[in-house]
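Participant: pasting the sequence and the predicted model now:
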Amino acid sequence: MQKETQHIEFKPSFNEDAIETLVAFANAKGGKVLVGVDNGGKPIKNFTIGAESLQNWLNEIKTKTQPSIIPNVEVVKYKGVEVAEFYIQEYPIKPIACRGKYFKRVKNSNHLLSVSEVVDLHLQSLNTSWDAYPDSIHSLDDISFEKVQKAIEIVKSNGITADDSPLQFLNKYSLIRDERPTNACYLLFKKANSIDSTIELGRFQDFITIKDTARTQDDILTEVDVVFEFVKKHLNKEIIITGEPRNTQRWQYPLEAIREIILNMIIHREYRSTSDSVVKIFDNKIEFYNPGKLPDDITIEDLLSNNYKSNPRNKLIADFCKHLGIIEKYGSGIGRIRNYFKEANLPDPEFKMIAAGFQVTVFGVDITDNKTGGQTGGQTGGQTGGQTLTETQEKIINFMSANPKISRKELSNHLKINASAIQKHLDKLKQTGMIEREGADFGGYWKVNKV
């Protein structure tokens, strides 16, 4: 049985819903509406198309859409029954409206666009973004030219000739339009702190007890360092005794990955949202929350498989940061982050949509020396208290430390091995006293012991 898809929809009769679907297709990647077919994909046997029907329907589509669209239409045979097939291509200049409402095709349904989504769709069709437009509130008096000069020095250090004055430099990189700073320019070089870029930072003892808190409302280039230093301040590290003249330090999380996450959070944030970015640090995990959803045509699965085309929300900011050498290239950050955690033998970070935002959660081990520079139980590489662990057992310990209530099935899914193999590892870890099960299988939790 044929089903409705990203590019096909069925309608038992021609009505305004059919026009809304054609608008949704025009605002996405195009598609077909088959009129005379029920929602299950079965043709309506008594469906008839009058001599003037097609022309009347086209006229109705033309009068109810702004700007007017005229799809291709023809009578076709569908499972032996004549139906009307409307086909519309992706419209080059978006968005198209139906009686003042804007729709976009997402998977197999029509999504009613919000005001900000309408704006984004229009800007994307012009190959630009919100941050490239002049700031309607601030002027060049609100820009710190000392900060601009520092950026010029960074560009020079990257081997790029930059003998411009600060004002020439801003014009060169399209950060000024109509003699006003663009939104990107203001966020990058604002003179005073403001709520536009607020990031809330917290170190939590548990989900309700805060041990330390901070807030930054700086320009976004400064914020990268402020957030990174706050996170780093609350990370533990261990000294690994190697037998060499100098011992090795191991941080609780790979610092390169943490900085990459912070960069992505700040550069790709939805700065028109009234919500703040939030970083929450717990004993065994860190949550990075950012306002701004993924584009409709990109899923979490696409991110993890690197099966998507990068289209930065803030194109001007991203492009300028690339010139500064802060980011390498678009669309590769997620892969690098995951590789850093894989190399550190830590669980894969978790990426998920939350309401109108995006959250990255990273999981680490509980290193208890609290940055004092002392030994942590004599730990070395894959050993704990002299007890040698396999790589899989290390990962199990890390998962349990980050989430004591993790189930065997979840461990099996994370580690990509079957449940019986997981059970053998659990039995071994129990025998050595490294883990204990507290409570029943349902409602209980894992206790990781320091041996």
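Facilitator: Looks like it arrived, so ask away.
Participant: domain map for the protein?
Facilitator: Per the record, the chain has its domains at 8-116, 132-192, 196-363, 383-448, by automatic domain parsing.
Participant: can I get these in CSV including mean neighbour count?
Facilitator: C-betas here are computed from N, CA, C, even on glycine. Shown next, in CSV, are these (neighbours: other CB atoms under 10 Å):
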stretch, mean neighbour count
domain 8-116, 17
domain 132-192, 17
domain 196-363, 17
domain 383-448, 15
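Participant: low pLDDT regions in the chain?
Facilitator: For the chain, applying pLDDT under 70 flags the ranges 1, 239-248, 328-332, 366-388, 450-451.
Participant: and if we set it to 50?
Facilitator: Within the chain, the ranges that satisfy pLDDT under 50 run 369-386, 451.
Participant: mind checking the domains of the chain for the one nearest to residue 2?
Facilitator: Each of these has some distance to residue 2 by CB to CB; the shortest is domain 8-116, at 4.3 Å.
Participant: any idea how far apart the tips of the closest one sit?
Facilitator: 27 Å (CA to CA, to the nearest Å).
Participant: let the chain start at 26 from now.
Facilitator: I'll keep to 26 as the first residue from here, and by that count the last item is domain 33-141.
Participant: before we move on, back to that, nearest to residue 151, of the domains of the chain?
Facilitator: Among the domains of the chain, domain 33-141 comes nearest to residue 151, with 7.8 Å by CB to CB.
Participant: how far does that closest one sit from the chain's center?
Facilitator: Here domain 33-141 is found 32 Å from its chain centre; the criterion is CA atoms, centre = their mean, to the nearest Å.
Participant: could you dump the domains of the chain into CSV with distance to residue 150 added?
Facilitator: Shown next, in CSV, are the domains of the chain (distance: least, CB to CB, whole Å):
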stretch, distance to residue 150
domain 33-141, 4
domain 157-217, 14
domain 221-388, 12
domain 408-473, 40
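Participant: quick one: closest of those domains to residue 148.
Facilitator: Comparison of these against residue 148 by CB to CB identifies domain 157-217 as nearest, at 8.0 Å.
Participant: so who does residue 40 touch?
Facilitator: Contacts for residue 40 (CB atoms under 8 Å, 6 or more residues apart in numbering) come out as none.
Participant: quick one: it from residue 98, how far?
Facilitator: Going from residue 40 to residue 98 by CB to CB, to the nearest Å gives 15 Å.
Participant: which one is residue 64 nearest to, not counting chain neighbours?
Facilitator: Of all residues not flanking residue 64 in the chain, residue 35 sits nearest, at 5.9 Å (CB to CB, 6 or more residues apart in numbering).
Participant: now the element after the helix or strand containing the one you found, going C-ward?
Facilitator: Secondary structure assignment for residue 35, by DSSP states H and E: strand 33-36. Per DSSP H and E, the first helix or strand lying C-terminal to strand 33-36 is helix 41-51.
Participant: picking up where we left off before, surely the residue nearest to residue 64 and residue 63 touch.
Facilitator: Yes. At 6.4 Å, residue 35 counts as touching residue 63 under the criterion of CB atoms under 8 Å.
Participant: the protein: helices as residue ranges?
Facilitator: Using DSSP state H, the helices of the chain run over 41-51, 78-89, 140-150, 170-182, 191-197, 208-214, 245-258, 280-292, 325-330, 340-349, 358-368, 416-427, 433-440, 444-456.
Participant: closest one to residue 134 among those helices?
Facilitator: Closest approach to residue 134 among those is made by helix 41-51 (8.5 Å; CB to CB).
Participant: just the angle between the closest one and helix 78-89, please?
Facilitator: Per axes from the mean of the first three to the mean of the last three CA atoms, to 10 degrees, the angle that helix 41-51 makes with helix 78-89 is 70 degrees.
Participant: what about stretch 371-386, start to end distance?
Facilitator: Note: stretch 371-386 ends 12 Å apart using CA to CA.
Participant: what lies in contact with that stretch?
Facilitator: The contact list for stretch 371-386, computed with CB under 8 Å, 6+ apart, reads 278-279, 282, 286, 289-290, 295, 298, 300, 310-319, 325, 328-329, 359, 362-363, 366-367, 387-390, 420, 423-424, 427, 439.
Participant: same check on stretch 300-311?
Facilitator: Applying CB under 8 Å, 6+ apart, the external contacts of stretch 300-311 come out as 223-231, 252, 255-256, 259-260, 278, 283, 290-291, 294, 312-316, 381-382, 386-391, 426-427.
Participant: one more time with 7 Å, if that's ok
Facilitator: Residues from elsewhere that reach stretch 300-311 (CB atoms under 7 Å, 6 or more residues apart in numbering): 223-229, 252, 256, 259, 290, 294, 312-316, 382, 386-389, 391, 426-427.
Participant: looking at the residues you listed, which are in strands?
Facilitator: Judged by DSSP state E, those include 224-229, 312-316, 382, 386-388 as members of strands.
Participant: nearest to residue 118, of the residues you listed?
Facilitator: For these, the minimum distance to residue 118 (CB to CB) is 27.6 Å, reached by residue 316.
Participant: may I have the beta-bridge partners of that closest one?
Facilitator: Residue 316 has these beta-bridge partners by DSSP bridges: residue 382.
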